[in-house]
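Student: Generate coordinates for the sequence data below:
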Amino acid sequence: MATANNLFLIIIDQLRADYKEHLQKCSKLLPNHAVCYVDSLPSSTESAHETISSGEQPRIHGFISKTAKGRAKGLDQLIMKLRRKELPSLASLGHKNGFGVYVIGGKEETVRVMGDEPNCRAMVYYLKDNPLFNDKFVHVSNNQILDYSLTQLLNEIDFKGIPQPQWDKKVLNIFRHIYMMESLQKKFFIMTLSSLDKLGHDYGPNSKEVCEHLKFLDNSLVDLINNKDASVIITGDHGCRLVSRYVIEPAEAGSDILRVYNFDGNSIRFHEDHSLDNFGSISDIQYDGGLLRIWFKGEGSLSEKDLSFFFKYGHVFPHYTLQKDADEEIVRLYENSKHENLGDVLVVARGDSMFCKLSWIEDPIRKKIAGRAILKKGELPIGEHGTQYSEDREVCFLSNNPVKERLNNTEIYEYINSIMR
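Tutor: Okay, here's the model as predicted:
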């Protein structure tokens with residue numbers, strides 16, 4: 001592969017493989033195309049970005065969610081691993097090869113998984129739901145001049161109070177600002193663009209809103225890609241599937257009731273409630289889109305009635321697998337991911353189902369759910385990811401360097417290493 005002074009890795013959150021058709025301009029400038037596979041569970045933002053950054057499966061890096069076992073902070077645990085150099089990262093790889101490394105993104109976790117501060121000239125992300133910073137882009141920089149410049153830029157009013165669908169515009173503005181002022185000979189930019197993910201959840205895959213944003217990205221990235229002294233990669237972290245059945249987490253803390261809704265035309269109707277038989281033996285339940293994770297107290301277990309309920313909406317792992325036929329593919333994916341943060345029982349949602357966290361739903365909608373009211377389409381998210389289905393796991397990969405037709409996301413680390421060498 002040809003080496004270049006500049007290397008751009010652009011990870012578009014929820015860039016399904018078939019979305020290449022919406023990136024016509026980028027595809028022409030980046031003629032080497034592939035389908036990249038998420039070869040583990042879950043196919044989620046946190047897990048996939050860390051897999052790309054480290055080149056390791058979740059069973060090694062252990063990061064599948066910002067919330068870990070016992071409600072611990074999974075992102076904080078990962079940052080400590082990176083600081084103790086227990087895991088490789090793209091930032092440390094770039095630093096080792098003499099590049100100035102810049103990681104710019106919307107979601108904090110997609111920036112922090114790429115490496116620690118000593119390996120980066122700058123890290124920029126949107127700090128959300130923090131009263132101290134009042135929802136704004138923040139940064140860390142180990143260069144005094146760049147630190148001052150970014151402080152001035154990000155203190156401007158139009159970098160505060162920004163909804164997620166508009167984050168990408170700001171990330172691209174920040175990239176241009178850094179690129180213009182930094183005179184280092186070798187620069188490695190990692191950009192994580194998060195707006196498409198929000199639109200995909202709210203409106204579903206291939207919706208008008210999703211297609212319009214893909215058009216915006218295609219037009220906006222052309223100038224960046226056209227840099228003749230740059231190796232460029234555009235890829236995704238996971239895909240998105242359309243959801244028609246929901247398993248809602250308990251309406252109140254400590255409740256044993258799971259509530260299920262179904263699509264009915266343009267509305268979503270209550271379908272059934274399920275009361276967990278052995279709720280008292282459960283120490284923790286976590287709902288995360290495509291996954292439901294359960295930890296037991298001691299030797300607790302699910303009842304036959306509970307298992308029957310979960311098997312209607314998902315694949316159940318690990319120690320109940322033999323009670324129902326399981327696809328070999330999902331068993332392999334589970335083995336690639338296996339570690340304590342998957343829980344004592346892991347339920348992987350079927351293609352048309354999800355496990356919806358109440359934190360994703362506004363208070364008026366929660367009241368409707370508690371009253372078993374009919375919901376309007378759009379009041380619950382209709383796009384989701386996290387499972388083994390191809391819509392979730394196959395993402396787009398474009399480059400101006402040679403690439404094989406199929407690769408796994410664990411191979412991106414070595415692919416970038418080969419470009420740097």
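Student: what is the rounded mean pLDDT of the helix or strand harbouring Asn262?
Tutor: According to DSSP states H and E, Asn262 maps onto strand 257-264. For strand 257-264, mean pLDDT rounds to 91.
Student: Does it pack against any helices or strands, and if so which?
Tutor: When contacts are defined as 3 or more C-beta pairs under 8 Å, 6 or more residues apart in numbering; DSSP states H and E, strand 257-264 packs onto strand 245-248, strand 267-275. Every C-beta, even on glycine, is put in place using the N, C-alpha and C of the backbone.
Student: how does the protein divide up, domain by domain?
Tutor: Here the domain parsing of the chain from automatic domain parsing is 6-240+389-420, 244-380.
Student: Kindly compare burial across those and name the winner.
Tutor: Here the criterion is mean neighbour count by mean count of other C-beta atoms under 10 Å, and of the domains of the chain the winner is domain 6-240+389-420, at a mean of 19.
Student: quick one: that domain to chain centroid distance?
Tutor: 10 Å (C-alpha atoms, centre = their mean, to the nearest Å).
Student: What pLDDT does the model give Ser207?
Tutor: For Ser207, the model assigns a pLDDT of 95.
Student: Would you check that it makes contact with Leu199?
Tutor: Yes: shown here, Ser207 and Leu199 form a contact pair, counting by C-beta atoms under 8 Å, at 7.2 Å.
Student: re the thing from before, partners of the strand holding Asn262 in the sheet?
Tutor: When sheet partners are counted by DSSP bridges, strand 257-264 sits next to strand 245-248 (antiparallel), strand 267-275 (antiparallel).
Student: How much space separates Thr51 from Val111?
Tutor: According to C-beta to C-beta, to the nearest Å, Thr51 and Val111 sit 16 Å apart.
Student: scratch that, Ile361 is what I was asking about
Tutor: Ile361 sits 26 Å away from Val111, going by C-beta to C-beta.
Student: would you put the C-alpha positions of the strand holding Asn262 in CSV?
Tutor: Extracted in CSV, the C-alpha atoms of strand 257-264 (Å, rounded to 0.1, in the frame of the first residue of the first chain):
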residue,chain,number,x,y,z
ILE,A,257,-43.3,-6.6,34.5
LEU,A,258,-42.0,-6.6,30.9
ARG,A,259,-44.3,-4.9,28.5
VAL,A,260,-44.6,-5.8,24.7
TYR,A,261,-45.9,-3.5,22.0
ASN,A,262,-46.5,-4.3,18.3
PHE,A,263,-46.8,-2.2,15.2
ASP,A,264,-50.3,-1.8,13.7
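Student: next one: that strand to chain centre, how far?
Tutor: 25 Å.
Student: what's that strand in contact with?
Tutor: Outside of strand 257-264, the residues within contact range by C-beta atoms under 8 Å, 6 or more residues apart in numbering are 244-251, 268-276, 309, 313, 369, 372, 374-375, 377, 380.
Student: which ones are touching the residue most central in space within the chain?
Tutor: Central residue of the chain (C-alpha atoms, centre = their mean): Thr45, 1.0 Å from the mean position. By C-beta under 8 Å, 6+ apart, the contact list for Thr45 reads Asp13, Lys107, Glu109, Thr110, Ser194, Asp197, Asp237, His238.
Student: which stretches of the stretch 251-400 of the chain aren't confidently modelled?
Tutor: 251-254, 322-325 (pLDDT under 70).
Student: Now do the helices in the stretch 301-421 of the chain.
Tutor: For the stretch 301-421 of the chain, the helices defined by DSSP state H, counting those that start in this stretch occupy 304-313, 328-337, 363-370, 390-393, 412-420.
Student: again with the stretch 51-200 of the chain
Tutor: 58-61, 74-83, 90-96, 108-112, 144-154, 167-181, 195-203.
Student: which residues touch Ile178?
Tutor: By C-beta under 8 Å, 6+ apart, the neighbours of Ile178 are Tyr102, Ile104, Ala122, Leu146, Leu150, Phe189.
Student: Pick the one among these closest to Asn173.
Tutor: Of all those, Asn173 sits closest to Ile104, with 9.8 Å by C-beta to C-beta.
Student: The closest one is in contact with Asp168, isn't it?
Tutor: No: in this structure Ile104 lies outside contact range of Asp168 using C-beta under 8 Å: 10.6 Å.
Student: before we move on, back to that, mind checking the helices and strands packed on strand 257-264 for the one nearest to Gln286?
Tutor: With C-beta to C-beta as the yardstick, what comes closest out of the helices and strands packed on strand 257-264 is strand 245-248 (13.0 Å).
Student: Show me what the mean pLDDT comes to for the closest one.
Tutor: For strand 245-248, mean pLDDT rounds to 91.
Student: Restrict that strand to CA atoms and write it as PDB.
Tutor: Only the C-alpha atoms of strand 245-248 are listed here, as PDB (Å, rounded to 0.1, in the frame of the first residue of the first chain):
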ATOM      1  CA  ARG A 245     -42.000  -5.500  18.100                       C
ATOM      2  CA  TYR A 246     -40.800  -4.000  21.400                       C
ATOM      3  CA  VAL A 247     -40.100  -5.400  24.800                       C
ATOM      4  CA  ILE A 248     -40.200  -2.500  27.100                       C
END
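Student: Need the contact partners of that strand.
Tutor: For strand 245-248, the surrounding residues in contact (C-beta under 8 Å, 6+ apart) are 258-263, 268, 271, 287, 292, 313, 349, 352-356, 358, 369, 380.
Student: rerun that using 6 Å as the cut-off
Tutor: Applying C-beta atoms under 6 Å, 6 or more residues apart in numbering, the external contacts of strand 245-248 come out as 258-262, 313, 352-356, 369, 380.
Student: Ok, stretch 168-177 next?
Tutor: Against stretch 168-177 from outside (C-beta under 6 Å, 6+ apart): Ile104, Val124, Leu153, Met191, Leu193, Ser195, Ser220.
Student: Pick the one among those residues closest to Met181.
Tutor: Within the contacts of stretch 168-177, the smallest distance to Met181 is 9.9 Å, found for Leu153 (C-beta to C-beta).
Student: Spit out the contact partners of the closest one.
Tutor: Leu153 makes contacts with His177, as judged by C-beta under 6 Å, 6+ apart.
Student: I'd like the distance between the nearest residue in space to Phe296 that is not next to it in sequence and Leu15.
Tutor: Leaving aside its chain neighbours, Phe296 sits nearest to Asp344 (4.9 Å; criterion: C-beta to C-beta, 6 or more residues apart in numbering). Going from Asp344 to Leu15 by C-beta to C-beta gives 33 Å.
Student: same thing with Lys81?
Tutor: 27 Å.
Student: cool, Glu411 as well?
Tutor: On the measure of C-beta to C-beta, Glu411 and Leu15 end up 17 Å apart.
Student: That concludes my questions; thank you for your assistance.
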